[in-house]
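Participant: Sharing a model prediction with you, sequence too.
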Amino acid sequence: MGRRVEGPLLLILDRKDDPVTPLLSQWTYQAMVHEILGLTHNRVVLKDAPGVKPELHEVVLSPTQDQFFRDHRHANYGDLAIAVKSLLEEFQAQRKLNEDIRSIEDMQRFLDRYPAFKVHKPGHNRSPGHNRSPGHR
């Protein structure tokens, strides 16, 4: 039996677009916002994101001002998705709406159709987890 011997192999990977690693470690709501959108001094700047309304160009995520963020900032992706869905269902029940929300796209369409959701109760001044920055009108 002939045994084939190969030399060492150097494998270089670009980790910038690594979809697997976040799934292998706990990724919290706060960490997701920081990684995907950028979070500096509790502020998220969205002015360059497509389709963002002017009043949401800069939002503040503060546990003292935002009940949803306070309650879920350390939640993992799965628990966060359940919390957002529950929040939408609570709003639907209060408004007696009958919407079938099964995906993130359905959630986005719901928010676009019902802007009142963004201000439906104290502690939830904007869409889930988002408040307008102080000083912006």
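Facilitator: On my side now, so go ahead.

Participant: Now do the same for the residue lying closest to residue 64 once chain neighbours are set aside: helix, strand or coil?
Facilitator: For residue 64, the nearest residue in space outside its immediate sequence neighbours is residue 70; the separation is 7.5 Å by C-beta to C-beta, 6 or more residues apart in numbering. C-betas here are computed from N, CA, C, even on glycine. For residue 70, the secondary-structure state derived from DSSP: H, G, I helix; E, B strand; the rest coil is helix.

Participant: where does the protein have low pLDDT?
Facilitator: 1-2, 17, 19, 21-23, 95-99, 107, 111, 113-137 (pLDDT under 70).

Participant: Tell me which stretches of it form strands.
Facilitator: Along the chain, counting by DSSP state E, strands occupy 43-45, 58-60, 131-132.

Participant: Pick the most deeply packed of those strands.
Facilitator: Among the strands of the chain, strand 58-60 has the highest mean neighbour count (mean count of other C-beta atoms under 10 Å), at a mean of 20.

Participant: what helices or strands is that strand leaning on?
Facilitator: With contacts taken as 3 or more C-beta pairs under 8 Å, 6 or more residues apart in numbering; DSSP states H and E, strand 58-60 sits against strand 43-45, strand 131-132.
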